[in-house]
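> Sequence plus predicted model, see below.
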Amino acid sequence: MWEPSGSPTAGTAFLGWRNARAAWTGAFDRRRAAWRHSDSARHETTSRGLAEAQARLDEAAAEIERVAPGTTRRPTLPQSPPVEQVGAVLAADTVLVEFVLGDRELLVFTVTATACHGRRAEVDVRALLATIGRLHARWSTGRPDGRLERVPRIMERDPVARS
């Protein structure tokens, strides 16, 4: 997989990237696990480890680009508008709910015409997915309930109900 000149081929560069990606995934998993603890030294160590893994991954991607130009280019995604701009187009009785679900935690953001709230909570993922499925089914019938008070207890502590 090496050229006679001693420079790597695209296959060798890609293998280096795969190894760097695996190391990055491990560093990310360690960083994510550290979030559940209040040990600042652990947070600093895992943050530094993730930054170092990201740098190695970036170097590996640059090497692929050097030996196989155009391989690592990604389309540019449009930037999200500021939350104030989103809130400005919402009706007074509308709540926009955005959520990110992890292994055991949920990040929920709600935006109204006048406010934005965020919350992190540990959740039973299976129960939450079942709840979301029921909500989607209810809303897709054309007769949306709209009253989040009826959502099972898993989401009652969330600012969604208070937005």
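All right, it came through fine. From a predicted model like this one, the values you see are computed outputs, not experimental measurements. Residues are numbered from 1 along each chain as shown.
> How is the residue nearest to the spatial centre of the chain assigned, secondary-structure-wise?
In the chain, the C-alpha nearest the mean C-alpha coordinate belongs to Val100, at 6.3 Å (Cα atoms, centre = their mean). For Val100, the assignment made with DSSP: H, G, I helix; E, B strand; the rest coil gives strand.
> How about Ala20?
State at Ala20, reduced to three classes by three-state DSSP: helix.
> Next up, the contacts around it.
Ala53, Arg56, Leu57, Glu59, Ala60 (Cβ atoms under 8 Å, 6 or more residues apart in numbering). Quick note: C-beta positions are derived from backbone N, CA and C, even for glycine.
> Mind checking which of those residues are in helices?
Ala53, Arg56, Leu57, Glu59, Ala60 (DSSP state H).
> Please indicate which of those residues are buried?
Buried subset of these (neighbour count, 16 or more other Cβ atoms under 10 Å): Ala53, Arg56, Leu57, Ala60.
> In stretch 128-138, which residues are buried?
Within stretch 128-138, the residues scored as buried using 16+ other Cβ under 10 Å are Leu128, Thr131, Leu135.
> now those residues as TSV including distance to His117?
TSV is the format used below for the buried residues of stretch 128-138 (distance: Cβ to Cβ, whole Å):
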residue	distance to His117
Leu128	18
Thr131	19
Leu135	19
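> and which of these is nearest Gln85?
Leu135 (26.6 Å; Cβ to Cβ).
> Residue ranges of each domain in this protein, please.
Following automatic domain parsing, one gets these domains for the chain: 10-67, 83-162.
> Considering those, which stretch scores lowest in mean pLDDT?
For these, mean pLDDT drops lowest on domain 83-162, to a mean of 74.
> Relative to the whole chain's centre, how far out is that one?
Centroid displacement of domain 83-162 relative to its chain, using Cα atoms, centre = their mean, to the nearest Å, is 17 Å.
> try stretch 31-44
18 Å.
> same deal with stretch 81-90?
Taking mean C-alpha positions (Cα atoms, centre = their mean), stretch 81-90 and its chain are 21 Å apart.
> For that stretch, measure first residue to last.
Stretch 81-90 has an end-to-end distance of 13 Å (criterion: Cα to Cα, to the nearest Å).
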